[in-house]
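# Give the three-dimensional model of this entry:
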Amino acid sequence: MTFIRITIFLSIFTIPIIVSSSNLSLSNDLSTKALKETEKDLTKGMKAVSRLFVCDPYAAGKEITLADFYTFYTFGLANTLSQKLFEQDLLADHSDIQALVNSLASHPSIAKVEEEKAS
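Have a look, this model is predicted:
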């Protein structure tokens, strides 16, 4: 059940970041307001995410699940957007999740996808 909660929460968590990045082309007032609201929600969202993660050694516990793959790709996108929009590293205060993302990068399935993506 933990992996389902993590997957659902990560889906919900990344939507405001993506919406904020798409609002950049709208009026300055709208984009500024959306960015400020989203930035406030990031801290709360990361606290909630960190409470869900087990990181022993995977997101939901001892075995790799869909939540781990979702974590790798969701945090990749969300962190890139967060750094671009807010100059904030989402994982800076979450070393356990950062370590998980780093270790997942060497998983054969992820490594193969990333290799193919790069070529």
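
# ranges for the strands of the protein?
Under the criterion DSSP state E, the chain carries no strands.

# Dead centre of it: give me the residue that sits there.
Phe75 (2.4 Å; CA atoms, centre = their mean).

# Does it touch Leu90 like I think?
Yes. Using CB atoms under 8 Å, Phe75 is in contact with Leu90, at 6.8 Å. Every C-beta, even on glycine, is put in place using the N, C-alpha and C of the backbone.

# for the chain, longest helix please?
helix 28-52 (DSSP state H).

# Could I get the buried residue list for it?
Buried positions in helix 28-52, judged by neighbour count with 16 or more other CB atoms under 10 Å: 31, 34-35, 38-39, 42, 45-46, 49, 52.

# Name the helix or strand of the protein that has the lowest mean pLDDT.
Here the helix or strand of the chain ranked lowest by mean pLDDT, DSSP states H and E is helix 2-22, holding a mean of 61.

# low pLDDT regions in this protein?
Residue ranges of the chain with pLDDT under 70: 1-30.

# circling back: of the buried residues of helix 28-52, closest to Glu115?
Distance to Glu115, by CB to CB, is smallest for Val49 among the buried residues of helix 28-52, at 27.7 Å.

# Pretty sure that closest one sits against Asp93.
No. The pair Val49 / Asp93 is not scored as a contact, 11.3 Å apart, by CB under 8 Å.

# Packing partners of the longest helix of the chain?
In terms of contacts (3 or more CB pairs under 8 Å, 6 or more residues apart in numbering; DSSP states H and E), helix 28-52 is packed against helix 2-22, helix 66-86, helix 95-104.
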